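J.: Dropping a prediction and its sequence here:
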Amino acid sequence: MSRIKVNEVFETIQGEAAFTGSPAVFLRLQGCPVGCGWCDTKHTWDALQEHETSQDIIIAKTEDSPHYFVSDAKNLAEMVAQNYQAKHVVITGGEPCMIDLTELTTELLAKGLRVQIETSGTFEVRVHPRAWVTLSPKIDMPAGLPVLASSYARADEIKYPVGNARDIEVVIEQVLQHVTPSKLLWLQPLSQSKKATDLCIAAATQLDARVSIQTHKFIGIR
Ligand SMILES: C[S@@+](CC[C@H](N)C(=O)[O-])C[C@H]1O[C@@H](n2cnc3c(N)ncnc32)[C@H](O)[C@@H]1O
Ligand SMILES: Nc1nc2[nH]cc(C(=O)O)c2c(=O)[nH]1
Ligand code: SF4
Ligand SMILES: [Mg+2]
């Protein structure tokens, strides 16, 4: 039986990339070793035993915290299908691909739900073939974990976070090396920065890419 650590479950609108605007249930898994300095979910990085709690407490929480509950694929799929209305499920984190997501994605799809994964691509992406994979490769992260070639190959869309002009230079190199024309390509400004957004707009024109704005943050939803 799988052991899945879940930091939060909530229903909202997908704010980023191709499914922007879709009502979605977010399953945010606990744990990430990548260490992005600007990460907006740092409370998911560690998975301390003392922060394990009950499913009821996690389902009810509305604020960021490092607490999580442990569940398995069948229970999670049941819980999502029974308690939420949205037909789209986003599995994010933390880094969800630290664990094998084949069973969870299979169970969710079997309930008639669409499934999307948000991943840094630093671990093998183990998901059902019909799951939509959003890869967000990071540049120069402290832990130095490389983005796997297999993650680029499996991705349905690739969404680069961009903070400054140097990021754009590296992204252009990475795109030329790793991104085939069949993939949707996005540039996502960090943390609602106007400067980063302007850089993304200019580079999107150059790369024939798209700009992914974190729309949920602009309208103040989760
Ligand atoms: C929090 S991460 C979790 C999933 C996975 N670890 C990853 O990085 O893709 C979800 C998405 O948020 C993006 N993200 C995180 N912090 C951000 C920030 N401050 N500004 C813009 N995007 C951010 C990541 O690049 C990723 O696309
Ligand atoms: N509304 C909303 N859309 C999102 N798209 C990706 C998110 C994430 O944290 O993975 C996210 C999130 O946290 N909230
Ligand atoms: S890989 Fe994702 S969850 Fe991990 S630190 Fe980076 S943005 Fe945050
Ligand atoms: Mg987020």
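T.: Yep, it's here. Residues are numbered from 1 along each chain as shown. Ligands and ions are numbered 1, 2, ... in the order given.
J.: what does this structure have sitting close to ligand 2?
T.: By the criterion of CB under 6 Å from any ligand atom, the positions of the chain lying close to ligand 2 are 12, 13, 14, 15, 16, 41, 92, 118, 216, 222. In short, each C-beta sits where N, CA and C put it, glycine included.
J.: By neighbour count, which of the residues you listed wins?
T.: Comparing these by number of neighbours (other CB atoms under 10 Å), residue 118 comes first, having 23 neighbours.
J.: The residue lying closest to that residue once chain neighbours are set aside and ligand 3, how far apart?
T.: In this structure, residue 118 finds its nearest non-sequential neighbour in residue 92, 3.9 Å apart by CB to CB, 6 or more residues apart in numbering. As defined by CB to the nearest ligand atom, to the nearest Å, residue 92 lies at a distance of 8 Å from ligand 3.
J.: pLDDT score assigned to residue 92?
T.: In this model, residue 92 is scored at 99, pLDDT.
J.: Same question for residue 142.
T.: In this model, residue 142 carries a pLDDT of 76.
J.: Same question for residue 120.
T.: On pLDDT, residue 120 comes in at 98.
J.: still on that earlier bit, so which of the residues of the chain next to ligand 2 sit within helices?
T.: residue 216 (DSSP state H).
J.: Kindly report the residues of the chain close to ligand 3.
T.: With CB under 6 Å from any ligand atom as the criterion, the chain meets ligand 3 at residues 32, 34, 35, 36, 39, 41, 93, 94, 95, 120, 138.
J.: Buried among those? Make that a ChimeraX selection.
T.: To isolate the buried ones among those in ChimeraX, judged by 16 or more other CB atoms under 10 Å, type:
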select :32,34,36,39,93,94,95,120,138
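J.: Point out the residues in this protein that sit beside ligand 1.
T.: Going by CB under 6 Å from any ligand atom, the residues of the chain near ligand 1 are 32, 38-41, 92-93, 95, 118-120, 136, 159, 161, 188, 190-191, 214.
J.: switch the cut-off to 8 Å
T.: With CB under 8 Å from any ligand atom as the criterion, the chain comes near ligand 1 at residues 16-17, 28, 32, 34, 36, 38-41, 44, 92-96, 118-121, 134-136, 138, 159, 161, 188-192, 214.
J.: Format the residues of the chain next to ligand 3 as JSON lines; extra columns: secondary structure.
T.: Rendered in JSON lines, the data for these read as follows (DSSP: H, G, I helix; E, B strand; the rest coil):
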{"residue": "32", "secondary structure": "coil"}
{"residue": "34", "secondary structure": "coil"}
{"residue": "35", "secondary structure": "coil"}
{"residue": "36", "secondary structure": "coil"}
{"residue": "39", "secondary structure": "coil"}
{"residue": "41", "secondary structure": "coil"}
{"residue": "93", "secondary structure": "coil"}
{"residue": "94", "secondary structure": "coil"}
{"residue": "95", "secondary structure": "coil"}
{"residue": "120", "secondary structure": "coil"}
{"residue": "138", "secondary structure": "coil"}
